[in-house]
Every structure is written in structure tokens, then in C-alpha cells.
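>>> Below are the sequence and a predicted model; questions follow.
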Amino acid sequence: MADLVTTIKQTLKDVELVLGWVRDPATGVAAPARFHTEEEAEAAVFDSTCVHNLAVHLPRLKGRRLGIVAKGCDARSVVELIIEHEAEREDLKVIGVGCGSILDVKKIWRRFGYGVEIDDRGDSLELGGERGPREDFLARKCHGCLEADPDIYDLFVGESAGGPAGEISGGREEPHPLSAMLEDLAPAERRAFWREQFSRCIRCYACREVCPMCFCRDICIMQTQVPHWAGGEVNARESEMIQHIRVSHLAGRCTGCGECERACPVGIPLMLLMDEQNRAIEDMFGYRAGDSLRARPPMQTFSIEKDLWGDEE
Amino acid sequence: MNGETDRADGGAVNATDADRADLKLVAFLCNWCSYAGADMAGTSRMLQPSQVRIIRLPCTGRMDPLLVLKAFQEGADGVLVSGCHPGDCHYNDGNYYARRRLELLKRMLAVRGIEPERFQYTWVSASEGARWADVVQAFTTDIESLGRLGATVAGGGGG
């Protein structure tokens, strides 16, 4: 990754630190890192195990001059954070990378053993010497990929992916298998499905912590006593409530980066909720979070002419 | 109603009078139009379903979707929101913002398995007492035919 290392070094002349990835020697897959010096930047990598959305750090580092290595989906979060004034465009140097889709490392490890050697050649995948169909091991976030290349960047590294990675992962138009499953459930079955899912929740709040758009941390009402929206008991009923607080607060903000579901230690399909809401928002308002720096968030405005859902009579 | 209820436990039962009386319905009404409309229905001695609990809001623009989520969590079988007709908001545009939120909420409740009939929003002006009586009766009839929401969302904990 000589190109990436050079670019980060060049960026470091202008910024305090750069958010990127290094290779974790223990597992051989990428781990998030902060580069402060040219020496540190030597270790920078980008490959198909760079799953993390590093934009989550931007609100925490607001006011400092930063560089950030961003895939297409990460850059959508950067855009949305700038719209929400959680990051300043002029403080940021976005190093765009063309992403050819990301692998679900946990899935690979479950199948082939922890730390198995992953040899990804873009069109094929070798796992510990065995050939695996690459599309079987794509990250959940790649389903419905909008743009593999970042929309905004100051410097671009590597080759342009030239379109959505979704073409690899089944295409944007095709609903995720879980969405199709949900579609077929009767209301009572849906309630039972979600109760079962949320019965596993341990209230670790990883979904919130890993979400770039969940930035009101010290006053998050998922945990406040006044007002007491959700109880402290850990059970399916309260967990479903807190998740729907989150879903509701992410209306028009969620860019579908998939980090909530990836971070969930008990495998609750949170992307299913986010996908459904994002689809509804696109259908109702023609709005997709992260599309444009000039966009007006849909819940902060209205249209007298177009918003006619309640006027059936 | 011979309404077969779609219980969370999967068993379909016939709704009895007692079941119907047990229904908990919440109506959030804006102070300026719908609350006055409901008041007018009352003073005109129009019949209104007794299962409906009315909560007065300054404006539907005050409708935080969380109020609805919480109502369902605490055992409501149906939630109705009513405000001034679009264009007639006392604060000019509160109900325009509300309409976006309420419609999105309706769609997301369906994803969770809460039937669209259980969450309705509508517009009733201060002079429409008769319309309010119709709206709230139709809403109640809808929920009666669906029955109690059941333990899945509203009741009990479960680990």
C-alpha cells in the first residue's frame, strides 16, 4: 500500500492525525488506528477486511484537524456528520479509497477457524488454502451498497471501484433475504420474531457507540431517568423500546453503514430495521442520508404539496 | 363484532364484550382543533367509545414518536393522533412536521408487527364534533376487530 502510506504521510503535514487501519499481527485482519507521525503511517493498510466505519470518531474529535481514510459508505457518514454540524468540512482531509466490497471476517472465522489466512484476490477468495465463493462471505453492509467510491474526498488512493459494490452483492434492487422473510410474516408473527431477537439483547449499547450518527452521548435518553423512556431492566420489552428510540432518532440520518449490526455481540439483525426505515424515507421524501452536503434533513422540513399521506378522505 | 382476534400467542379467540371493554385506546389530541372537536362531540351528547383515553397536546407538532412507542409498550392496543387540518395549524406548521413523523412511524410500527389500524392519525377541526365521533368510533371498531395487542409488545418481560 505504498500509495496509501505516501498519501497519509503527505496529509500528516497538514493535519494533527489520520484515522486509518493497520494489520493486526495476531489475526492478519485490519484494525482501526490513528497515525500521528510519518513513522506510524508506514503501517497503514487498506484491504477487504477494513470493515470499520471510522467516521464514528469525527464527533469525538471535532475541532481538531483530521485526516480520515474513507470507503464509499464511510464517506456518506462524513457527509451526514457535516450536515449535522458534527464535523467541519474545512477541518477534514478525506482520503478516499475505492472499495471492492468488504468481507465478513467473523463469518469466515466461524467457518474456517479463528485467524485463518484470508487471501482475497478481488474476484476469488482463498481461505486457508481452500477456495470459498467470495459472495458468500461479503459483509452485511455491502448488501445494497450505494456507492463504492467516496462522494467526497480530498485525495484518492487506489483504483476507482466505478459503481456500487452492490453489483457484486446481489444489487440494490434486490431486498435482503431477511427483508423478504419479514415481508411474508403476519403481524403477530413479526411481533414474535422481534421479541425473540430482542430477548438476546444484553444492553451493551454497542449499537449506539459504534454508530457515527449517534453523537449525543452523555445525554442519550436510552439511559436517562428523567424522562424515563426505557427501564433499566434487561429484557426483550425494554430492549425493543430502546432500539426503537434509536431507530426513530436516526430517521433521515442513518446512511446504512451497517456498523450497528456488525458490532452487536448477540447478532440482532439491526440492519433490517434500518433498511426498512431508510427505504420508507426514500419512498416518502426521496431522501437518502449521505447523498449530498447541501441536502436538508427530511425530518427538519416539510412539503405542503407532496406530503399528502393523511389526506385519504 | 364477531371479530376473530389475532393474538400474539397465535390462538384466535372470539372477542367478548369483556375483551372489548378491556381495550386500552389512547388518543393524542391537539389543544386547538381536535380536543375542542371532541369537546363539542361531548357537549352535543354524541356517543363516544369509553375505552378511549384522551391526552391533550399543545399541537401535533409536539407528537414525539416516542410517546406512541411508549403507549404501546405500556399496554395500549391502539393509538390515535388528531390535530388541526393541514393549513389550519394554530402555530402555522406544527402539523406539517407531525405528518412526516407520524407517517414514518406508522410504517415502522408495521415493520414491528403493529397493524396499521392500531396507529392512526387524522385531522379534526374544532367545529367537527360529529366528525370526531365518527373517527373515534371507526378507530375503536378497527381495534375491536383486531383485539388486544397481546403480550409480545405490551406485556411481560421475558429474558
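That came through fine. Quick caveat, the model's predicted, so the values are computed rather than measured.

>>> Give me the residue ranges of the chain where confidence is low.
All of this is about chain A. Confidence mapping of chain A against pLDDT under 70 gives the ranges A:1-2, A:163-173, A:217, A:310-313.

>>> nope, chain B please
Residue ranges of chain B with pLDDT under 70: B:1-15, B:151-159.

>>> Can you get me the centre-to-centre distance for stretch A:140-160 and its chain?
Between the mean C-alpha location of stretch A:140-160 and the chain-wide mean there is a distance of 12 Å, by Cα atoms, centre = their mean, to the nearest Å.

>>> go on, stretch A:232-250?
Centroid separation for stretch A:232-250 versus its chain: 20 Å, with Cα atoms, centre = their mean.

>>> How about stretch A:45-57?
Distance of stretch A:45-57 from its chain centroid, counting by Cα atoms, centre = their mean, is 10 Å.

>>> likewise stretch A:197-207?
That offset, for stretch A:197-207, works out to 18 Å (Cα atoms, centre = their mean).

>>> Could you see whether chain B lies near that stretch?
Yes. Interface with chain B: stretch A:197-207 contributes A:Ser199 (Cβ under 8 Å from any Cβ of the partner chain). Heads up, the C-betas are built off the backbone N, CA and C, glycines and all.

>>> Go through that stretch and flag the buried ones.
The neighbour-count criterion (16 or more other Cβ atoms under 10 Å in any protein chain shown) identifies A:197-199, A:201, A:205-207 as the buried residues of stretch A:197-207.

>>> For it, list the C-alpha coordinates in PDB.
As requested, C-alpha coordinates have been extracted for stretch A:197-207 and formatted as PDB (Å, rounded to 0.1, in the frame of the first residue of the first chain):
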ATOM      1  CA  GLN A 197     -34.500 -11.200  18.500                       C
ATOM      2  CA  PHE A 198     -34.500  -8.600  21.300                       C
ATOM      3  CA  SER A 199     -34.600 -11.300  24.100                       C
ATOM      4  CA  ARG A 200     -30.900 -11.800  23.300                       C
ATOM      5  CA  CYS A 201     -30.000  -8.100  23.800                       C
ATOM      6  CA  ILE A 202     -27.700  -7.500  26.800                       C
ATOM      7  CA  ARG A 203     -28.000  -3.700  26.700                       C
ATOM      8  CA  CYS A 204     -24.300  -3.200  26.000                       C
ATOM      9  CA  TYR A 205     -25.200  -0.200  23.800                       C
ATOM     10  CA  ALA A 206     -22.500  -1.200  21.200                       C
ATOM     11  CA  CYS A 207     -25.100  -0.400  18.500                       C
END
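
>>> Just confirm A:Asp136 is within a helix.
Yes. Assigned with DSSP: H, G, I helix; E, B strand; the rest coil, A:Asp136 falls within a helix.

>>> Contact partners for the residue in chain B that chain A sits nearest to?
Of the residues in chain B, the one nearest chain A is B:Gly113, at a distance of 2.9 Å by Cβ to the nearest Cβ. When contacts are counted by Cβ atoms under 8 Å, 6 or more residues apart in numbering or on different chains, B:Gly113 is found next to A:185-194, B:152-153.

>>> one more time with 7 Å, if that's ok
By Cβ atoms under 7 Å, 6 or more residues apart in numbering or on different chains, the residues touching B:Gly113 are A:187-188, A:190-191, A:194.

>>> Take these and keep only those in helices.
When DSSP state H is applied, those are split such that A:187-188, A:190-191, A:194 fall in helices.

>>> For those residues, which entry has the maximal number of neighbours?
The most crowded member of the ones in helices among the contacts of B:Gly113 is A:Trp194, carrying 26 neighbours; neighbours defined as other Cβ atoms under 10 Å in any protein chain shown.

>>> Quick one: residues contacting that one.
By Cβ under 7 Å, 6+ apart, the contact set of A:Trp194 is A:240, B:112-113.

>>> Let's see that with 6 Å instead.
Residues touching A:Trp194, when contacts are defined by Cβ atoms under 6 Å, 6 or more residues apart in numbering or on different chains, comprise B:Arg112.
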